[in-house]
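*Asks:* Dropping a prediction and its sequence here:
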Amino acid sequence: MTRALDMHVVVLDDEPFMLKLLAHLLRNQGFSHITTCDNGVAALGLLEHAGKVPALILCDLNMPGMDGMEFVRRLVEHGYAGSLILVSGEDERTLQTARTLVQAHRIEILGSLHKPVSPQALAQLMAGWTGAPHAAAATPRKRYDAERLRQAIAQGELTNYYQPKVSVRTAALIGVEALVRWRHPTDGMVFPDQFIDVAEEHDLIDDLTHTVLVQALADSAAWQAHGLPLRVAINVSMDNLRALDFPDFVCARAQAAGVAPQSIVLEVTESRLMRDVRAPLEILTRLRLRRFRLSIDDFGTGHSSLAQLRDVPFEELKIDRGFVHGAHANETSRALFFASLGLAKELGMEVVAEGVEDQADWDFLKHTGCDLAQGYYIARPMPAPALWQWHTHWQQRIAASAALQPQDTL
Ligand code: C2E
Ligand code: CA
Ligand code: CA
């Protein structure tokens with residue numbers, strides 16, 4: 001068993017004095033494997049070498065060039081499974097907001113430190129650190145190469161799971177979101193965060209999205225034929241919005257499947273910075289003109305959510321789970337939740353809260369005026385055939401539980 005004291009700790013700060021100070025304090029506390037970096041690029045470089053990947057990073061927020069928040073986003077792209085401590089001279093609110101954003105990126109944050117850093121505060125945070133990678137990332141992520149992924153798409157190894165979106169007011173099932181899974185013949189179920197970026201980087205994302213769309217349309221047509229008309233959402237990568245024939249493709253497939261564009265939701269998230277936004281804007285606008293529903297995904301964590309809101313005719317806004325789960329107990333999350341909700345309502349959009357994980361999250365939503373809810377409290381993503389059984393159970397649960405009952409007043 002490796003002890004936390006032997007694990008690789010990286011200190012990232014543009015001020016040489018802070019680097020020296022923090023490294024010194026860590027050494028005094030018994031940590032032996034410390035690397036200091038004065039810029040984000042150097043720190044990210046460590047993640048490329050198997051033997052150098054840090055288990056903990058102490059990261060300054062304010063740095064020239066790549067700042068702390070951009071650095072965190074890049075960490076996510078690299079699949080970083082370690083922990084993080086934010087260090088900053090900013091006020092408490094800025095630090096809180098930054099913490100919330102980091103959590104929204106699913107990175108474990110041990111805490112934050114104000115400059116000037118006190119040895120006691122640092123010691124306290126380090127004492128709570130076990131060195132174990134956080135649960136979600138406990139198993140090392142395997143990278144799949146593009147050729148294998150190409151094969152998987154061609155051989156039909158990708159399959160859609162569906163997660164319900166329900167009305168907050170009535171608890172009724174309104175739609176589902178398709179979430180792609182790879183049924184790997186030897187590795188078992190592989191989740192999208194292990195292959196979407198490979199698809200984006202190697203020109204496979206169009207094929208992947210087409211596969212997901214065609215399957216979602218077939219399932220949607222079947223639900224509709226059996227008396228369950230549902231909106232079905234698919235995730236669209238910004239890279240899909242470079243191909244000018246994308247709207248034609250979506251239109252033709254929807255028509256062939258007999259599914260109305262109004263029942264198809266295209267969830268768009270800006271996972272990477274787009275240099276030229278003209279093509280995506282044109283494509284999104286054309287999709288909207290053809291009556292497809294556009295949804296802005298992971299709101300609050302993207303690169304330029306506000307600019308997107310201004311420029312694209314979205315009808316739906318999904319508030320990232322970082323601002324939903326636990327919002328009832330966290331002032332900052334709650335403030336960001338209400339800010340996003342208010343903005344969306346002002347613009348006449350429907351709002352979906354993601355990451356509704358427990359009763360407290362659900363109860364909180366009932367008093368907010370948020371339209372739809374999605375999350376483990378309602379259902380985990382499931383294969384298409386399981387939806388029927390879940391729906392029956394859900395209806396029984398609504399009937400039996402006062403907490404889920406439709407609300408007369410909001
Ligand atoms: P997303 O679009 O934000 O999807 C929601 C993710 O959160 C899903 O993870 C879902 O399983 C998970 N989730 C749902 N409810 C809860 C909850 O209550 N608590 C927590 N902690 N998590 C919850 P999944 O399926 O692993 O997908 C991850 C991401 O991969 C998606 O995030 C989406 O950005 C991307 N993705 C999934 N399918 C596709 C696809 O077909 N095409 C593209 N381009 N991206 C996809
Ligand atoms: Ca989504
Ligand atoms: Ca999302």
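*Replies:* Arrived safely. Ligands and ions are numbered 1, 2, ... in the order given.
*Asks:* Where is the longest strand in this structure?
*Replies:* strand 173-184 (DSSP state E).
*Asks:* Residues contacting that strand from elsewhere in the structure, which ones?
*Replies:* 152, 157-167, 189-192, 194-196, 208, 211-212, 215-216, 219, 228, 230-235, 265, 267, 372, 374, 381, 387, 391, 394 (C-beta atoms under 8 Å, 6 or more residues apart in numbering). Backbone N, C-alpha and C define where each C-beta goes, glycine included.
*Asks:* now do stretch 340-348
*Replies:* Against stretch 340-348 from outside (C-beta under 8 Å, 6+ apart): 299-300, 309, 314, 317, 319, 323, 350-351, 368-370.
*Asks:* Pairing partners for the longest strand of the chain, with directions?
*Replies:* Under the criterion DSSP bridges, strand 173-184 sits next to strand 158-167 (antiparallel), strand 188-190 (antiparallel), strand 231-237 (parallel) in its sheet.
*Asks:* Only the buried residues of that strand, if you could.
*Replies:* Residues of strand 173-184 classed as buried: 173-182, 184 (neighbour count, 16 or more other C-beta atoms under 10 Å).
*Asks:* For residue 251, state which of these is nearest.
*Replies:* Of all the buried residues of strand 173-184, residue 251 sits closest to residue 178, with 17.9 Å by C-beta to C-beta.
*Asks:* Kindly report the residues of the protein close to ligand 3.
*Replies:* Within the chain, the positions near ligand 3 by C-beta under 5 Å from the ion are 297-298, 354.
*Asks:* the strands in the stretch 251-400 of the chain, which residues?
*Replies:* 264-269, 293-299, 316-319, 350-353, 372-373, 382-383 (DSSP state E, counting those that start in this stretch).
*Asks:* Determine the set of other helices and strands touching the longest one.
*Replies:* Spelled out, that is strand 293-299. Packed against strand 293-299 by the contact rule (3 or more C-beta pairs under 8 Å, 6 or more residues apart in numbering; DSSP states H and E) you find strand 231-237, strand 264-269, helix 278-289, helix 305-311, strand 316-319.
*Asks:* so which of the ones you listed comes closest to residue 103?
*Replies:* strand 316-319 (13.9 Å).
*Asks:* Give the rounded mean pLDDT of the closest one.
*Replies:* With pLDDT averaged residue by residue, strand 316-319 scores 95.
*Asks:* How about stretch 182-189?
*Replies:* For stretch 182-189, mean pLDDT is 92.
*Asks:* okay, how far is it across that stretch, tip to tip?
*Replies:* The straight-line separation of the ends of stretch 182-189 (C-alpha to C-alpha, to the nearest Å) is 6 Å.
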